[in-house]
Every structure is written in C-alpha cells, then in structure tokens.
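Participant: Output the structure for:
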Amino acid sequence: MTKFRFALAFFLFSTCFNGISFSQDADSVKQQKKVKIIPLPAIFYTPETRLGFGALTSFVFNLGDKTTTRNSNFQVLAAYTLNKQIILQSKHNVFTKDENLIFNGELSYYDFPILYYGVGNDTKKEFEENLEYQVVIFRERVLKKIKNNLFAGAQYRYTNLYDLKFEPEFLVDEETRLKSQTGVNSGLGVSVVYDSRDNVLNAREGAFIEVSNFFHGKGLGSDFIFNRYTIDARKYWAISDNDVIASQFFGEFNTSNTPFREMSLLGGETIMRGYYNGRYRDNQQIAIQGEYRRQLLPWLGVTAFSAFGDVASDISSFELSDFKWTAGGGLRLMVNKSDRINIRIDYGIGNNTSGFYFAFAEAF
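Facilitator: Modelled structure (predicted):
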C-alpha cells in the first residue's frame, strides 16, 4: 500500500508539473490552435511486462503554423502489469513556433520486477533470476535551432534506483555487485540532432540523426562516475502513397564502472524486437534494423521488420559472428488519421526466442 500511495502521489505531481506548462502554451494560442486530446485504455503486452492495463492520454497540438512547425505531443500513462509492475510515465516532445526550440523529456516512476541473466553477450537462459527494484527517472533536453532541421543543445538525466531485492539461485556472485549499484545517477551532456521527419510519431519521409553524450560525476550529485555516447540514425522513404521503408542504426557506448541498469540493453519493443529487454546487457551496443510499412486501408496497415545487433564489454570485442538476429511482422491500427497515430501489434522471432508486442506509436 505504501508503494501504491507513493506511486499515485508521484503520478499526480508529474501530471500537474507537465500539465501546468502545457496549459500555459495552450491558453496563449487557443484562439488559433486546436489541442487534440486522445484518451485510450492502456492495454499493452511485451515480454518484459506480459499483459499491462491502465489509462493513456495523448495530447497533440501545434504551437505555430503547420507549414513551419511540426505537431507537438505530450503523453501520460498509468499502468499495472501481470508481472506486478507499476508504470507511471509522462513524456513530451514540444516544438515551439517555427521550431526555434525543441523540448523533449520524461518524468517517470517504475516499480519494476524484471528477469536478470547477468552481464555479457553469451549469458545462459537457464540462469534466469528474478530482480526487483524501484526507480524514478527525470530527463530533459532543450535544443536550439541552428538552421533548418539542425538543432543543438544541452540535456540532463537523473535516475534514482532503490529498494533492490535479489535472492539468486544461480548467479550468487552477482548479488553483492548489484546491491552496491543502487543509488543516484546524475548526468549532464550535449546533443546535436538533425531531424527532417514529417511526423515524429509516424514518419513517412525524412531523416533523424542524433549524436549525444552524458557525463555522470560526483559534482552533479551522481553516486557513480561514467560516460555515455549515443548515435541514433534513422531514414524514411515513402516509395508510394501507401508504402514506407524505414531504417535505423543505433549505437550506445558506455565507459567502465557503468551500473547494471545503465548498461546497454539488447531487446525490447523498439529495437531487436523478439528479445527480452536486457536478455543481454553490457557496456556497448550496436544494432541495425529495417522495416517495411504498408497501409492497406485508412485504418489498417501491416509491417515486416528485421534487425541485427549485439552487446560487448568494449568496442574491440564485437564479433560479427556473435551478432543476434530477429525478424517479424505486425499490424497497425490507426486511431488518429490526421496525425497518423497508430496502435501497433508486432511479433518478433530471434535466436531461440520470440516476443509479442501490443503498444502505442511506431517502434522508431
């Protein structure tokens, strides 16, 4: 009950915090701008959560002229899963007039039991362990337009992981290390982004390239000292009115002494679908994926995707022969045609693994 009360209080705070700034923007332009509020029952499924249910509200709005300013969005999610996980999450991606500034961030709370397999790209499925913890996440990025489609700015990320419970049956040697890696991670960094996508939630054309870093240190209030460097490159081709090809390269590179939860995690609902998120974890990750999307009816689409990737302790340790693969397909149910907002249903298959996903918005 104490966890639930804390979670509820946190969620109300995050909703009000984001809602205040959103309301100010909406009030200032309410004569000219239309705010679309899309409430949905949050019913989702991933290998990490199993069935989850709750409420999702998405706000879509525009703070300028649609010819020069893309739609902004703000989402609030409250959910509970059959894995006894509590997810309270608010995310936003806001473009000011003429896209002079971009605000992108998150304020979330997770009470999140997971499966843990250890560190490395060759961990054993039979050594699966249960790991529980709670974590609070705050992340904010502010980008300034340098010229058309090119932005640069600063970013900050705070996580506080606590109340870790781990009673291993197989990975006994991991217990001391995991419990020593609870606490605060506080990181400050810079980000350079090229973004010519026509739609943030469901792009048909354009490109997205992000190069960014975070420096975590004692001076920022962090309990751990490590650095993270990220490259995220995506390209979209509309080959006809109903057909899109999308591709992505993702690389995340952490220095040594990275806490277990901050390591690169292979798998999940966005890249390497079919693998449990964190089935393989280590300091470095490289992954590439492609997806074909076809709109069959105004409300129904289909996709086919594949991906290739791996984790490693350092960059020199990557071996192409060790890379994991995944492939799959899915359905798209369009819940908002004008803004091209989809509910997606995906099934991915990999090396002796598979995963079913029912989620909101495109994977990338």
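Participant: all contacts plus neighbour counts: C-alpha atoms, from now on.
Facilitator: Fine.
Participant: does residue 229 have beta-bridge partners, and which?
Facilitator: Applying DSSP bridges to residue 229 gives these bridge partners: residue 213, residue 253.
Participant: tell me the contacts of it?
Facilitator: 211-214, 252-254 (C-alpha atoms under 8 Å, 6 or more residues apart in numbering).
Participant: pLDDT for the residues you listed - can I get that in CSV?
Facilitator: Output for the contacts of residue 229, formatted as CSV (pLDDT from 0 to 100):
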residue, pLDDT
211, 98
212, 98
213, 97
214, 97
252, 98
253, 97
254, 97
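Participant: nearest to residue 278, of these?
Facilitator: For residue 278, the nearest member of those is residue 252. The distance, counting by C-alpha to C-alpha, is 13.9 Å.
Participant: ok, for that closest one, nearest residue in space, not its chain neighbours?
Facilitator: Closest residue in space to residue 252, ignoring its immediate chain neighbours: residue 230 at 4.6 Å, by C-alpha to C-alpha, 6 or more residues apart in numbering.
Participant: Am I right that the one you found is in contact with residue 209?
Facilitator: No. Between residue 230 and residue 209 there is no contact under C-alpha atoms under 8 Å: 10.4 Å.
Participant: Adjacent strands (with direction) for the longest strand belonging to the chain?
Facilitator: If you go by DSSP state E, the chain has its longest strand at strand 129-147. Here strand 129-147 is paired, per DSSP bridges, with strand 101-111 (antiparallel), strand 114-116 (antiparallel), strand 150-166 (antiparallel).
Participant: chain center to it: distance?
Facilitator: On the basis of C-alpha atoms, centre = their mean, to the nearest Å, strand 129-147 sits 9 Å off its chain's mean C-alpha point.
Participant: Using CSV, list the CA coordinates for it.
Facilitator: The C-alpha trace of strand 129-147 is given here as CSV (Å, rounded to 0.1, in the frame of the first residue of the first chain):
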residue,chain,number,x,y,z
GLU,A,129,16.9,-14.8,-12.0
ASN,A,130,14.2,-12.5,-10.5
LEU,A,131,15.3,-9.0,-9.7
GLU,A,132,13.1,-6.2,-8.2
TYR,A,133,13.7,-2.5,-7.8
GLN,A,134,12.0,0.9,-7.9
VAL,A,135,13.3,3.7,-10.0
VAL,A,136,12.5,7.4,-10.5
ILE,A,137,13.6,9.0,-13.8
PHE,A,138,13.7,12.6,-14.9
ARG,A,139,15.1,13.5,-18.3
GLU,A,140,15.0,16.8,-20.2
ARG,A,141,16.6,18.0,-23.4
VAL,A,142,16.5,21.6,-24.8
LEU,A,143,17.6,22.1,-28.4
LYS,A,144,18.0,25.4,-30.2
LYS,A,145,17.6,25.6,-34.0
ILE,A,146,20.9,26.2,-35.7
LYS,A,147,19.4,26.2,-39.2
